[in-house]
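Student: No sequence on hand, only this structure:
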């Protein structure tokens, strides 16, 4: 099924067999995009929602000066633009960080699902609200946390999310981002991000090499990052 990973990472409310089948049958088609390809541009009209099946995706805005702020990183099992259903467009852009495969849900199909099942409606609504909670936590990081703590917090979050999706191996997980991506996600310059990565490594907390993060001391990293996963609403 297309929605297996979505249901694995969004476990409540629980759908019955008919609701699962209806959600899965609402996929119009699957498609792929290449790494670094922008597949949703801000303000463009949208008629479908995108469920990420494979790979990593960023939501972002670029400033007139050429700076990029990454607003969210999506992993397999995430809807990346479910809010496009009521809005019909986004005020930001969405791009593939890696080669990706996605499932597309036409807006009329989403409408039909919400009319048919209150449980599906609640599940989709909850997914969007968790995205908003993650976004608020990122705002706190950029606005109120020190540079090293911002990076540590991001590593903690991605570890928990990827472990839940079955994409972490022990204390290591693929995080196919460049140091520039990490900087853009945390409001740092690439030079400053590199310096903070070195500090985290030297302090025995986490290493990040060639797109793979390894947690060296989870309790210590979590304490340093002041990481409380309750904003992820894990069931």
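Tutor: Perfect, thanks for sending it. Bear in mind the structure is a predicted one, so any value in this text is a computation, not a measurement.
Student: So, low pLDDT: which residues of the protein?
Tutor: Applying pLDDT under 70 to the chain picks out no residues at all.
Student: which residue is nearest the middle of it?
Tutor: residue 74 (2.2 Å; CA atoms, centre = their mean).
Student: How about that one, nearest residue that isn't a chain neighbour?
Tutor: Distance criterion CB to CB, 6 or more residues apart in numbering; nearest residue to residue 74, sequence neighbours excluded, is residue 57 at 4.2 Å. C-betas here are computed from N, CA, C, even on glycine.
Student: tally of neighbours for the one you found?
Tutor: When counting by other CB atoms under 10 Å, one arrives at 25 neighbours for residue 57.
Student: measure it to residue 19 for me?
Tutor: 26 Å (CB to CB, to the nearest Å).
Student: Would you mind splitting the protein into its domains for me?
Tutor: As assigned by automatic domain parsing, the chain contains the domains 4-137, 147-232.
Student: Show the end-to-end separation of the longest one, please.
Tutor: Its start and end residues considered, domain 4-137 measures 27 Å (CA to CA, to the nearest Å).
Student: before we move on, back to that, residue contacts, the residue nearest to residue 74?
Tutor: Neighbour list for residue 57: 73-74, 78, 80, 94-97, 100 [criterion: CB atoms under 8 Å, 6 or more residues apart in numbering].
Student: Restricted to helices, list the residues you listed.
Tutor: Using DSSP state H, no member of the contacts of residue 57 sits in helices.
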